[in-house]
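# predicted model follows, preceded by the sequence.
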Amino acid sequence: MPRRIITLIIVALLAYGGVAAILATHSTPELGLDLKGGTSVILRAPEGTDPDVLAKAVEIMRGRIEAFGVQEPEISITGSNGVLVQLPGVTDRERALEAIGQTGVLSFRPVLSSSFQSPIFDTTTTTSATTTTTGDSTTTTGDTTSTTEATTTTSLPAGVDPSTGFTIKDTPELLASWLPEYADDGSLTAGYEVGTLCKTDSAYITCVGDGSGNPVDGTVDPLTGGDITSALATFSQTTGQWQVDLKLNDDGARKFQDLTRNAAQFPVGTAQRQIAIVLDGKVISAPQVSANVDANTGIAGGNAVITMGTGTNQQQQAQDLSVVLRYGSLPVSFVQDQVQSVSATLGSDSLRSGLIAGLAGLFLVAIYMMLYYRSLGAVTIVGLTIFGSLMLIVLGLLGKTAGLTLTLAGVTGIVVSVGITADSYIVFYERIKEELHRGRTMRAAVDEGFSRAFHTILTADTVSILAAVLLWLLAVGPVKGFALTLGIATFLDILVAYFFTRNAVSLIAHGNLGEGGRFSIRAAAGGVQEAS
Amino acid sequence: MNLITRLYRGETSFDFVGAKRTWLMISLTLVIVSVLVITIFGLNLSLDFKGGVAVEAPNPNNASVAEMRSALEKLGLGDAKIQELAGGADLRVQVGALSSSESETFQQTVADVTGSAVNEISLNQVGPTFGAEITKRAVTALIVFLAAVVLFMWWRLEWKMAVAGITALFHDLIITFGVYAITRFEVTPATVIGVLTILGYSLYDTVVVFDKVKENVEELNTERMTITELVNRSMNQVLMRSINTSLTSLLPVGSLLFVGSFLLGAQTLRDFALALFVGIAAGTYSSIAVASPILASWKEYEDEWARVRRRRERSRGDAKETAEKPTAKVSRQSPSRKSGATPRPPKKGRKR
């Protein structure tokens, strides 16, 4: 059996067998959100954000969204400072946006005062959230406890909306009335975070984990969530208490040492000795620096322990706090650049449109090629089915292994690539015609025609692939999907031309369809030899 | 032999380069008009470049555009763009940038008027900086791509071909955007993709012609042929390929355009296909009318080609040949004409 027949059989087996395998294992390409419905959000970090920081943010978001119960979220970094969040099937936008919208900054702040609670807030309940910070140093410290009090107010401060509460930092006048010692210098307007007044079922309280609501100094460069390497809730055998083990990176360790050194200047039991953990302007917790911490050094080394006291619910509290410390905030704040939500109906409509357009286009090309190139047109049609099969296989495999999804832009890329593929055939066939006109024999014309045409096809396809690769590397969003399918298609085009088209045409040239009849290659070339 | 038969057999001898003044005038006019229109009227940028909110809602209530507008006026969004899609079965509403709470109210209103659920509404909400980002990246991609293509064509072909190809490319880009500026079609990110694809198409076409020129320079008897004749001959040789390729590219793109605009109202498809349609047409035209004449005229100045031309002009003077003849004379050298100067038309069906 001639080698070209063997090659053709292998190619056909590979392509059609592959498709059968893909269909049998249900590995057809994953559809993108615009084709099956879902919500996608592009978030953008400030210009010049460190890629590591961005990667960390993505990790945090993934943790959050998974905790929120979304099936298979896709979160990826797009461009230099964007994050693309894709939530397939989620059309409940508000819930979805909420899940990723919590992009507040977690920070550690010095506490300024505790006098804030009076005169407005009456103390009605006291929780025994005993929070202590001890240096994780060689000198073991006895724990000093400071009890902070949950406060409720019986009368609503003037200017507060009863239904929503309000953020104190937005209203400097009120702030001044509560914090007379800071009223004069006017600095409280400039970024002091003091907590948010929220509505509960029975009363208005400051929304803080331990109910302290102490105003904190927001003007210093804060220790942020991004500085935390790990935060784990553990049970200490030595103290018999639940605690959160905090590990900080080098930068964080330095900031933490400054914070604790300054706080340790104040006597035990005063508010200024506390350090507030603030998320989105809300004080989550405000542990006090342990009495054993040296006022000259603070807590050095980037390791610290927050002990939770001996109350009933300490395990839960420790775990909650550790989660906030780990996932509570993103290391940078993001802006929502684009929110796109596609209903499942619109998605399937688009997919249908794309498929109909693609098939109609293929059909028209097939008819045209048959009319113009006769038997060579038939080779093109078989070649296009092989091309289509290989495309499906590659997309299916990439979907399984690399999580590639096929978007509407990707479908358009495929439709466009039909044109590029058809061109390769045309270049080859025109070459054959030209060689025949020069008076070569059929076989020589096919062989010579291919080697010359392939040179042209390679050059032209290289430009296409170059365009696709650059687009893929540089572009954002849908352009990427388009570039990918276009690039894959162009590459497959070269393979099909080399392994299939050449051998198939050569087979025809050697057979009956080369010379004789209206359907032959000779007829497609304008019947040169018949005429002369 | 009629034109179609000659086209079919690849035996045309159009004097493409000879008409370069006409081409140049047409192209220059098109480019100048495009630049003027773009600078005066600007492009109709979609909300993706400006920021804003667009929703597409199913419309079981059969709400009219006027009903929608009066409902939106109560929200202070009276200037919304409202469109009926798929014959009124869907409504598309587009407004400027909104805060997230305003956006929710807006979506709720649209849902109430159309009688659909908020979750059935498709939403596209874009921040004002997003478009700048897209544009910046598209421009970066464009510049890097151009640089890479120049280097590639320089290496694979030659640098004058690279310059001629890039010139044709700019020609296509400017005209495509000119068409968008004149027709006031929206420029969307899908359009940007379309335009970037045109880059590929336009060059692809030019590369095929130039590849043929290069091959002919190497193989034909260049002593007896000026570069203009040689480029002409190359273009005639690949003419059928150009026509066929444009047709086979336009068929799928055309069906995309048709299905997208008329049958199913898929807007992304339409935006994309429109740019391609204009771009492919311009690309085919420019490889014939811009890139090749530039290359031929430029290379005429090279010493070697100038020498050939002078000699040819002398001999032409002696033979008193008309302007039509050079191509015919060239053809005589080709092996295909060994059997006779003018082949008779094929006698169909007589072979067997």
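Arrived safely, thanks for sending.
# wait, A:K433 touches A:A524, no?
Yes - if you go by Cβ atoms under 8 Å, A:K433 and A:A524 touch, sitting 7.1 Å apart. In short, each C-beta sits where N, CA and C put it, glycine included.
# the two: who's more crowded?
Applying other Cβ atoms under 10 Å in any protein chain shown to A:K433 and A:A524 shows that A:K433 carries more neighbours, namely 25 against 21.
# so what pLDDT did that one get?
Looking at A:K433, its pLDDT reads 87.
# name the SS class of it, please.
helix (DSSP: H, G, I helix; E, B strand; the rest coil).
# leaving out the residues flanking it, which one is nearest to it?
Nearest non-adjacent residue to A:K433, counting by Cβ to Cβ, 6 or more residues apart in numbering or on different chains: A:A525, 4.2 Å away.
# for the one you found, grab phi and psi.
As for A:A525, its main-chain torsions (degrees, to the nearest 10) stand at phi -80, psi 0.
# state the helix or strand in which the residue of chain B found nearest chain A lies.
Nearest residue of chain B to chain A: B:P252, at 2.8 Å (Cβ to the nearest Cβ). If you go by DSSP states H and E, B:P252 is part of helix B:227-258.
# which elements pack onto that helix?
Here helix B:227-258 touches helix A:344-373, helix A:408-437, helix B:3-8, helix B:189-219, helix B:267-286, helix B:292-299, helix B:303-319, helix B:325-333, going by 3 or more Cβ pairs under 8 Å, 6 or more residues apart in numbering or on different chains; DSSP states H and E.
# beta partners of A:A304?
Taking DSSP bridges as the rule, A:A304 bridges to A:G135, A:L246.
# so where is the stretch 251-352 of chain B shaky, pLDDT-wise?
In the predicted model of the stretch 251-352 of chain B, residues B:260-269, B:316-352 satisfy pLDDT under 70.
# and if you look at the stretch 101-250 of chain B?
Applying pLDDT under 70 to the stretch 101-250 of chain B picks out residues B:128, B:131, B:221-222.
# ok, now which ones touch the residue in the stretch 301-450 of chain A that chain B sits nearest to?
Taking Cβ to the nearest Cβ as the measure, the stretch 301-450 of chain A has A:G361 as its residue closest to chain B, at 2.8 Å. Counting by Cβ atoms under 8 Å, 6 or more residues apart in numbering or on different chains, A:G361 touches A:415, A:418, B:251-256.
# what about 6 Å?
A:G361 makes contact with A:415, A:418, B:251-252, B:255, according to Cβ atoms under 6 Å, 6 or more residues apart in numbering or on different chains.
# out of these, which end up buried?
Using 16 or more other Cβ atoms under 10 Å in any protein chain shown as the burial test, the contacts of A:G361 include A:415, A:418, B:251-252, B:255 as buried.
# nearest to A:Q243, of these?
Distance to A:Q243, by Cβ to Cβ, is smallest for A:V415 among these, at 60.5 Å.
# returning to what we had before: tabulate the contacts of A:G361 (CSV), appending distance to A:R438.
Formatted as CSV, the contacts of A:G361 follow (distance: Cβ to Cβ, whole Å):
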residue, distance to A:R438
A:V415, 36
A:V418, 31
B:L251, 30
B:P252, 33
B:S255, 37
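# for chain A, what helix or strand is lowest in average pLDDT?
The weakest-scoring helix or strand in chain A, judged by mean pLDDT, DSSP states H and E, is strand A:204-206 (a mean of 34).
# assumed B:I82 was part of a helix.
No - secondary structure of B:I82 (three-state DSSP): strand, not part of a helix.
# without its sequence neighbours, what residue ends up closest to it?
Setting aside the residues directly before and after it, B:I82 is nearest to B:V65 in space (Cβ to Cβ, 6+ apart), at 4.7 Å.
# where do the domain boundaries of the chain fall?
Because you didn't say which chain, this covers chain A. When chain A is parsed with automatic domain parsing, its domains come out as A:3-32+A:343-531, A:38-103, A:106-325.
# actually, chain B is the one I wanted.
Listed domain ranges for chain B are B:12-46+B:130-304, B:52-126 (source: automatic domain parsing).
# deepest in the core, which of these is it.
A comparison of the domains of chain B by mean neighbour count, using mean count of other Cβ atoms under 10 Å in any protein chain shown, puts domain B:12-46+B:130-304 on top with a mean of 20.
# that domain: end-to-end distance?
27 Å (Cα to Cα, to the nearest Å).
# quick check: B:T12 vs B:I4, distance?
From B:T12 across to B:I4, the span is 10 Å (Cβ to Cβ, to the nearest Å).
# just B:L250 next, same as before
The value you get for B:L250 to B:I4, if Cβ to Cβ is used, is 19 Å.
# same question for A:T224.
Taking Cβ to Cβ as the measure, A:T224 falls 74 Å from B:I4.
# of the two, who's got more company?
Each of A:T224 and B:I4 has its neighbours counted (other Cβ under 10 Å); A:T224 has more, 19 against 8.
# per-residue pLDDT, that one?
pLDDT for A:T224: 76.
# ok, the contacts of A:G361 vs B:I288, which is closest?
Using Cβ to Cβ, the shortest approach to B:I288 within these belongs to B:L251, at 20.3 Å.
# dump the residue contacts of the closest one.
By Cβ under 6 Å, 6+ apart, the contact set of B:L251 is A:361, A:364-365.
# need the contact list for A:P29.
Taking Cβ under 6 Å, 6+ apart as the criterion, A:P29 is in contact with A:395-396, A:399, A:406.
# from those, which land in strands?
Those of those mapping onto strands are A:L406, per DSSP state E.
# in PyMOL, select just the buried ones from the contacts of A:P29.
The buried residues among the contacts of A:P29 can be selected in PyMOL (16+ other Cβ under 10 Å) with this line:
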select buried, chain A and resi 395+396+399+406
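# dump the contacts of A:P29 to JSON lines, plus pLDDT and distance to chain B.
Shown next, in JSON lines, are the contacts of A:P29 (pLDDT from 0 to 100; distance: Cβ to the nearest Cβ, whole Å):
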{"residue": "A:L395", "pLDDT": "90", "distance to chain B": "18"}
{"residue": "A:G396", "pLDDT": "89", "distance to chain B": "22"}
{"residue": "A:G399", "pLDDT": "84", "distance to chain B": "21"}
{"residue": "A:L406", "pLDDT": "84", "distance to chain B": "14"}
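# need the max-distance pair from the contacts of A:P29.
Using Cβ to Cβ, the contacts of A:P29 reach their maximum pairwise distance at A:G396 and A:L406, which is 9.6 Å.
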